[in-house]
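Visitor: Build me a model:
(chains A and B, ligands or ions: 2)
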Amino acid sequence: MPTLWIALFALVLSVVGYALGRRRAMVSADGDIRNLHSRPNYYGVNAALTGLVPAFLVLALWTLGQPLFLQNSVSGMISDAQIEETGSLGLVMSDVRRVADGLDQAVAEGAMDAETAGNVRIDLTDVRARLGEVGVALGSAVSQETLRAAQAYRAQSSFGDLLKTIVVLGIALAGISYAVMRTNATFRARNVVESGVRWLLIAAASIAILTTVGIFLSLIFNTVEFFRLYPAGDFFFGTTWQPSFTGRGGSSQLGVLPLLWGTFYISLIALAVAVPIGLFSAIYLSEYASPRVRSVAKPLLEVLAGIPTIVYGLFALLTVGPLLLRVFGDDTVGWMQGGTAVMTAGLVMGIMLIPFVSSLSDDIINAVPQAMRDGSLGLGATHSETVRQVILPAALPGIVGAILLAASRAIGETMIVVLGAGAAARLSLNPFDAMTTVTAKIVSQLTGDSDFSSPEALVAFALGMTLFVITLGLNVLALYIVRKYREQYE
Amino acid sequence: MNDMRLIERAVDMDDIKISARDVQVYYGDNHAIKDVNVDIQDKTVTAFIGPSGCGKSTFLRCLNRMNDTIDICRVEGDIHLDGEDINDKRVDPVQLRAKVGMVFQKPNPFPKSIYDNAAYGPKIHGMAKNKAELDEIVERALRRGAIWDEVKDRLDAPGTGLSGGQQQRLCIARAVATEPEVLLMDEPCSALDPIATAQVEELIDELRQNYSVVIVTHSMQQAARVSQKTAFFHLGNLVEYDETGKIFTNPEDERTESYITGRIG
Ligand SMILES: Nc1ncnc2c1ncn2[C@@H]1O[C@H](COP(=O)(O)OP(=O)(O)OP(=O)(O)O)[C@@H](O)[C@H]1O
Ligand SMILES: [Mg+2]
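Guide: Ligands and ions are numbered 1, 2, ... in the order given. Model prediction:
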C-alpha cells in the first residue's frame, strides 16, 4: 500500500477512535456531561491522538529508513570488480535502483508480467531494450549482477512495504483500543490531551531546529572537503578570484575577498538607499499621515516587496544601468564603462528593500505607547521633537532589527546582482565598476556539469558557509541589540 | 470630615487664569463633557473631584489641548487663558503646553535616563545656558518632585526602571522642571505612600505661591488639604464649583453631598 494510503487509512481509524472514545465516555457517565472529569470531546481527541501520533511517527521513520536499510543489504551483492568498473558504489547502487524502478514500471504498464520481472536473466532477455520500450533509459547494458541486485531490491522493498502497512495500522489500532479501554468518567482526558498537545508543539519546534542543523551539516562536509583540496589561507585572504575550468589546465585562484567586498559594497549602497527612505516613509505613515492616506499608501509601498527579484534585475539591466551610463559614462565624466555596476545593483536593491525597512519600522513605531507621545507633547515639545527624541529612541531596537533583516536580504540577494552588477570579481573602490557577489558566484560555480570533487565546484559550499556564518553573525548581533535595549522599557 | 485639617482658604488674588465657557467634549458620539463653565484662579489650587468616568481627565486635557491628539475627540466652547482663546488658530498648542504643564494619570517616563527625563523640557525650551545650569535645574526639579534622595546616585539609570510611585514623582519633577504657569495634575498621588504624598502636597502648596495648580483626586482628604477651590463633576456635568470649605461643609447640591459623604461614587 502506498504511504499516502496508509496515512489516510490511519486517519480514518482515528476518526472512528474519536467517535468511540467519546461514546464510551458518555456511556460511562450515564449520559450526563457533569459526571465526566473532562468534556466529552477530550475523550475522543485522546483516543484519536493515542492511535494517530505513534502510527505517523513509525510511518515517517520507516519510510525514511527503509531505503537506507535496503541499500545496505543489497550492496553486499555487488562485487568489488563491478564497483571498480563503474567508478563507485554509489553509482552502481543508483543503477540498481533505476533498474528496479524500471521493472516496476514495466510491470505496471503490462510490458512484463510480475513473474518475469522477478526472474528475467540477462542472457535470455535484452533487459535494456525491454525497459527502453516502457521509457526507462539506461546508460549502458545491464550486467547480470546489477539485475540480480535490482530484483532482490524489488523483492525486499515490496516485502518491506507490506510489513510497514501491517505495523503502522496495527499500532494505530492498538493505540486507539488502549485509549478507548482506559476511557471512563474519572479518566483525566483533558490533562492527557494537554500534555499531548505540548509534545506535538515541541516536535514542531525541534523539526525546525533540526532542519537548520541539517542545512549546516550538509554545508560543512563539502566545505571540509574543499579545504582539503584548497588551502584555507588562500581562500580567506586571497585577493584574486580566478577559477580555471577543468580541462583547460592551470591552477585556480579562489580568493574570497573580492566577492566579499562586492557583497559588502553592493549591500552598503542598497542600505544607504533603503534605510533613510524606508525609515522616513515609516515615520510619515505612522506619525503624520491621516488614517485614510495610511490605508492607501501602506499597501502600495508593500507592493514593492511582492515584485519578484528577477523583475528588479531586468529593471536594473534595462533602465537603471543605461540611465547611469548616460550620466556617468564616457560622454560625461567617464567613471562608468558599462551599464552593469555596483551602483546599478545597489540602487535597485535599495528600492527592493524599502518596504522591508518601512513596513517593519512602521509597525514598531506604532507599538510605542501613546502615553510616550502625550508625555512629550504635554511638556511643550513639537511633533518632530517628539519623534526624534522620544519615539525613535523607544523604537530603536526594533528599527535596528528591521535594518539588519534588510541587510541579510541584501547579502543573500542574487538575481539583481547577476543582471545589474556583472560577473567580474574585482576589488575596487569605484562604485561604477562592475563587481560581483558571493551568491552570484555560488550560482556560476555550480551551473554547468561540474562533478562535486574539484575545488572549483566545492568552493561553492565554502562560499555558502561563509555567507551563512556572516548572516548568522548579523542575526545574533540583531538579537543582542534588541535584548540589550528592551530591558529599558516595561 | 471633622478630623480634616482645613487650611486657610482665603484666596490670595481674584485674578482669573483660565476661564471655560460652555465646554462640550465628544468622543465620537459619546458626549463626555456637557456645558461646563468654570473660572480657575491664579495662584490657587483647584481640585476636581467626582466618580470614575465622569470626565475629570477629559476636561483637564481640554485646558492644554491634549485632546487634539485623540482623533475621535471633538471639543466645543471657549477656553481662555489670560484672556486669550486657546482654541484660536493663532495659538500654537506647543507654546500653550509649555505654559500649561501636565502630569498624566498614568506615569509615563520616557525610556531615557532619569536625568534626561527631568532635563527633557528644559532642553527643548532652551532654559539652560550650559551643562552646569542644566544640572542645577534637574536637581531642583527632582527635589521638588520629592525623589531626589532616592535617585541622586543613579541619575543615569533608566526612568522606566523605577517603581510605579517613583515614576509618578519623576513625572511630576519632569513637569515642574519647565516652570509652567499652570500645572494640571491628574491623580498625581494615586500610587504614593503617605510620606511621598505629603511631600507632593507640600510641593503643590509651594507652587501656589507663583502658579495655579489644578489637581484631580479621588481622595476627599487630599482635596480638602491642598485646594482652595473644588469642582465636583458628575456624569460629564459640573455639578458644583465653590470654595473648598463650602463644598465640604455645606454643599448646595445633594449629589455633591452624597458623593463626599460616600453614598455615590
Ligand atoms: N480616548 C478616549 N476615547 C473614547 N472615549 C474616552 C476616551 N477617554 C475617555 N473617554 C470617555 O470619556 C468619559 C470620561 O472619561 P475620563 O477619562 O475623563 O474620566 P475620569 O473622570 O478621568 O475617570 P477616572 O477617575 O476613572 O480617571 C468616559 O465615559 C470615557 O469612556
Ligand atoms: Mg481620569
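
Visitor: how about the helices in the stretch 351-490 of chain A?
Guide: In the stretch 351-490 of chain A, the segments counted as helices under DSSP state H, counting those that start in this stretch are A:370-378, A:383-386, A:392-412, A:415-420, A:438-446, A:455-486.

Visitor: Identify all contacting residues around the first one.
Guide: In this case it means helix A:370-378. A:383, A:385-386, A:389-391, A:394, B:64, B:66, B:69, B:94, B:97, B:101-102, B:104, B:106, B:108-111, B:120, B:171, B:174-175 (C-beta atoms under 8 Å, 6 or more residues apart in numbering or on different chains). Yep, even glycine has a C-beta here, placed from its N, CA and C like the rest.

Visitor: Relative to residue B:81, how far out is residue B:19?
Guide: 8 Å (C-beta to C-beta, to the nearest Å).

Visitor: neighbour count winner among these two?
Guide: Ranked by neighbour count (other C-beta atoms under 10 Å in any protein chain shown), residue B:19 and residue B:81 place residue B:81 first, with 21 against 16.

Visitor: quick one, strands of the chain?
Guide: No chain was given, so I picked chain A. A:241-242, A:253-254 (DSSP state E).

Visitor: wait, chain B
Guide: With DSSP E as the criterion, chain B has strands spanning B:16-27, B:30-41, B:45-49, B:73-81, B:84-85, B:100-103, B:182-186, B:212-216, B:229-234, B:237-243.

Visitor: Please convert the ones you listed to TSV, extending it with mean pLDDT.
Guide: Formatted as TSV, the strands of chain B follow (pLDDT from 0 to 100):
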stretch	mean pLDDT
strand B:16-27	93
strand B:30-41	94
strand B:45-49	95
strand B:73-81	93
strand B:84-85	91
strand B:100-103	94
strand B:182-186	95
strand B:212-216	95
strand B:229-234	94
strand B:237-243	94
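
Visitor: any chance of the ones you listed in JSON lines, plus distance to residue A:230?
Guide: As requested, the strands of chain B are arranged in JSON lines below (distance: least, C-beta to C-beta, whole Å):
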{"stretch": "strand B:16-27", "distance to residue A:230": "71"}
{"stretch": "strand B:30-41", "distance to residue A:230": "74"}
{"stretch": "strand B:45-49", "distance to residue A:230": "80"}
{"stretch": "strand B:73-81", "distance to residue A:230": "70"}
{"stretch": "strand B:84-85", "distance to residue A:230": "80"}
{"stretch": "strand B:100-103", "distance to residue A:230": "69"}
{"stretch": "strand B:182-186", "distance to residue A:230": "71"}
{"stretch": "strand B:212-216", "distance to residue A:230": "75"}
{"stretch": "strand B:229-234", "distance to residue A:230": "82"}
{"stretch": "strand B:237-243", "distance to residue A:230": "86"}
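
Visitor: Tabulate these in a markdown table, adding columns for distance to ligand 1.
Guide: Below are the strands of chain B laid out as a markdown table (distance: least, C-beta to the nearest ligand atom, whole Å):
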| stretch | distance to ligand 1 |
| --- | --- |
| strand B:16-27 | 3 |
| strand B:30-41 | 4 |
| strand B:45-49 | 8 |
| strand B:73-81 | 7 |
| strand B:84-85 | 22 |
| strand B:100-103 | 13 |
| strand B:182-186 | 7 |
| strand B:212-216 | 7 |
| strand B:229-234 | 7 |
| strand B:237-243 | 12 |
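
Visitor: Out of the ones you listed, which gets nearest to residue A:446?
Guide: Closest of the strands of chain B to residue A:446 is strand B:73-81, at 61.7 Å (criterion: C-beta to C-beta).

Visitor: near chain A at all, that closest one?
Guide: No - against chain A, strand B:73-81 shows no contacts by C-beta under 8 Å from any C-beta of the partner chain, the least distance being 12.5 Å.

Visitor: By proximity to chain A, which residue of chain B wins?
Guide: residue B:98 (3.0 Å; C-beta to the nearest C-beta).

Visitor: Go ahead and confirm residue A:237 touches residue A:257.
Guide: Yes - checked against C-beta atoms under 8 Å, the pair residue A:237 and residue A:257 is within contact range at 6.8 Å.

Visitor: Just the pLDDT at residue B:61, thanks.
Guide: Looking at residue B:61, its pLDDT stands at 94.

Visitor: can you list the residues of the stretch 1-150 of chain B near ligand 1?
Guide: B:27, B:30, B:32, B:50, B:52-58, B:70, B:105 (C-beta under 6 Å from any ligand atom).

Visitor: For ChimeraX, what selects the buried ones among those?
Guide: To isolate the buried ones among these in ChimeraX, judged by 16 or more other C-beta atoms under 10 Å in any protein chain shown, type:
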select /B:32,50,54,55,56,57,58,105
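
Visitor: what about the helices in the stretch 51-200 of chain B?
Guide: B:56-62, B:93-99, B:114-124, B:131-144, B:148-151, B:164-177, B:194-207.

Visitor: circling back to that earlier point, got the residues of the stretch 1-150 of chain B next to ligand 1 as a markdown table, with distance to residue A:298 columns?
Guide: Shown next, in a markdown table, are those (distance: C-beta to C-beta, whole Å):
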| residue | distance to residue A:298 |
| --- | --- |
| B:27 | 26 |
| B:30 | 29 |
| B:32 | 31 |
| B:50 | 41 |
| B:52 | 37 |
| B:53 | 35 |
| B:54 | 38 |
| B:55 | 35 |
| B:56 | 37 |
| B:57 | 32 |
| B:58 | 31 |
| B:70 | 22 |
| B:105 | 32 |
